[in-house]
Every structure is written in C-alpha cells, then in structure tokens.
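Chemist: I'd like to go over a predicted model; first the sequence, then the structure.
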Amino acid sequence: MQKIKYNLEVIKNKIEQAAFKSGRKASEVTLVAVSKTVDIEAVKRAHNMGINDFGENRVNELLLKRESLPGLNWHLIGRLQTNKVKDIVGRTTLIHSLDRWKLAQELDKRGIVLGEEVPVLIQLNVSGEEQKAGFEPGELREVLAAAEQFKALRIYGLMTMAPLDSDPERARPIFRELFQLRQKFSDRNYRNVNLKYLSMGMSQDFAVAIEEGANLVRIGSALFH
Ligand SMILES: *Cc1c(COP(=O)(O)O)cnc(C)c1O
C-alpha cells in the first residue's frame, strides 16, 4: 500500500518535471499503469490512488482483470495474436500494438461484425532491432493511406519501444524520431486517422520520452515493485 503510494508520488513528480521541460502540463500526459506482473488487489490499490488506465500485454489476463474492474480503461500493449482478436475487440480502450497488416484486417473485420470502432496505435520498430515487433518507419505512409479503406479500425497515434538500456539517454533519439514521424504525417488528414497519441516510455525511460513528446507512458515496475 505504502509502496505504491510512494512510487506514484515519485513518478508524478518526474512526469511533472518532464512535461514542463517539453512545454506541457502533467495533465497532458496519461500514465498507463502496466499491471501485467501484479494481481487485482494491487490494481485496486493503484485505482484508489487515482489511476484509471491500466495496461496488460496478454488478452486473457486483461479480460480477467477487466471482469473484476470493468469501469477502468484497459489498454492492450503486447503483441496480439490474430486468434485473440474476437475476444479483445470491444473490450479494450486502446490497442497499442498494431504491428502487421494481417492484424489490421482482422481487427477491422471484427469491428464491422460488432458494429464498433476499433481504436489502435501503430507500433513502429524505430530502433530496427531484429527481435522487435512493429512496422518499419518507412511503411508508415502506406499504413496511413491504407487506413482510408478501413470501416471500423481507427488510428489514434503511434507507439514504440526503445531498446532496453540502463542509460535512458540512449532512448532519446528513438523517441525523437517517433515524434518527428508524427509531425510529418499529422496534418495530412488521412481518413480514419488522428495521430493524437504518442505511446512511448516505460519505467526506465519515461521521463526522457515525455521530454520528447510522449503523452501516454506505460509504467510497470517503477510503480508496482
Ligand atoms: C511490460 C511492458 C511495459 C512496462 O515495463 P516496465 O519496465 O515494467 O515499466 C511497457 N510496455 C510494454 C509493451 C510492456 O510489455
């Protein structure tokens, strides 16, 4: 109890300072508490301290926790298998991990069946690491243009993961590039596209990500451990 409360104070202070450095208010940055390693009791404690957005990287885990706390915003942040699409559409606030064409088609199809919009972020592999999921930055134009054809899928921004490194400064160029990609395409008015969110920054590097323009930060261990 005390631990989460203390951690949250530290995180909030860092968010405030980093937002200030980027000329914004802390209220413009949403903390997504990544609850993948903790139980529902810890989620409830964090919610009682004012957190409303939670992130999970597995569909089944997200659905279980959501059943206990349906009023919260549940974000899917991990890789989504196409066979889980039918379970997740309509039950998540935002999918951060649209990382391939096949998945876009399946999400759109499912949204049409349910008659619901499917809000997603495009995950970009900015660092170019072999093992990382995501579209290549060079594919972004094509993905946004293709979105014109979607009937249910709606693109609300971009997401990336920086390489794990003990020095958060090494992540800065990655975050800066995502911000610049957003700027490049934000005034082109593609249909079904509104690039308002930049989901970047985790426990290690969220302050740097916010300095570079993040407005969704995904924080797990720094909050819960
Ligand atoms: C686990 C996870 C996070 C949070 O990582 P921490 O280092 O614990 O803050 C953020 N984003 C994704 C996609 C994750 O899987």
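Modeler: Yep, that arrived. Numbers count the residues shown, from 1 in each chain.
Chemist: this protein against the ligand: which residues are in contact?
Modeler: 34, 36, 57, 77-78, 161, 202-204, 218-222 (C-beta under 6 Å from any ligand atom). (Glycine included, C-beta is placed from N, CA and C.)
Chemist: buried stuff in the helix ranked longest in the chain?
Modeler: Once the chain is assigned using DSSP state H, the helix that runs over the most residues is helix 2-21. Residues of helix 2-21 classed as buried by neighbour count (16 or more other C-beta atoms under 10 Å): I4, N7, L8, I11, K14, I15, A18, A19.
Chemist: of all these, which comes closest to K132?
Modeler: Proximity of the buried residues of helix 2-21 to K132 (C-beta to C-beta) peaks at A18, which lies at 24.0 Å.
Chemist: helices of this structure, start to end?
Modeler: With helices called from DSSP H, the chain shows them at 2-21, 40-48, 59-68, 85-88, 101-114, 140-146, 172-186, 206-211, 221-224.
Chemist: re the thing from before, and the residues of the chain next to the ligand, which of them are in strands?
Modeler: Among these, the ones falling in strands (DSSP state E) are V34, R218, I219.
Chemist: now those residues in CSV, with neighbour count?
Modeler: Formatted as CSV, these follow (neighbours: other C-beta atoms under 10 Å):
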residue, neighbour count
V34, 25
R218, 25
I219, 23
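Chemist: could you dump the residues you listed to a markdown table with pLDDT?
Modeler: Listed next are those as a markdown table, based on pLDDT from 0 to 100:
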| residue | pLDDT |
| --- | --- |
| V34 | 98 |
| R218 | 98 |
| I219 | 98 |
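Chemist: gap between Y6 and Q17?
Modeler: 17 Å (C-beta to C-beta, to the nearest Å).
Chemist: got it, and D205?
Modeler: D205 is 14 Å from Q17, by C-beta to C-beta.
Chemist: straight-line length of stretch 72-79, end to end?
Modeler: Stretch 72-79 has an end-to-end distance of 21 Å (C-alpha to C-alpha, to the nearest Å).
Chemist: what residues does it touch?
Modeler: Stretch 72-79 is contacted by residues 32, 34, 36, 43, 47, 52-59, 62, 65-66, 88, 91-97, 99, 133, 159, 199, 218 when judged by C-beta atoms under 8 Å, 6 or more residues apart in numbering.
Chemist: below-threshold pLDDT in the chain: ranges please.
Modeler: 1 (pLDDT under 70).
Chemist: switch the cut-off to 80
Modeler: In the predicted model, the chain carries pLDDT under 80 at residues 1-2.
Chemist: and which of the ones in strands among the residues of the chain next to the ligand is nearest E211?
Modeler: Closest to E211, out of all of these and judged by C-beta to C-beta, is I219, at 15.4 Å.
Chemist: ok, that closest one - contacts?
Modeler: Counted by C-beta under 8 Å, 6+ apart, I219 has contacts I11, L31, V32, A33, V34, G201, M202, S203, F206.
Chemist: need the max-distance pair from those.
Modeler: A33 and G201 (13.2 Å).
Chemist: between these two, who's got more neighbours?
Modeler: For A33 versus G201, neighbours defined as other C-beta atoms under 10 Å are more numerous around G201 (31 against 27).
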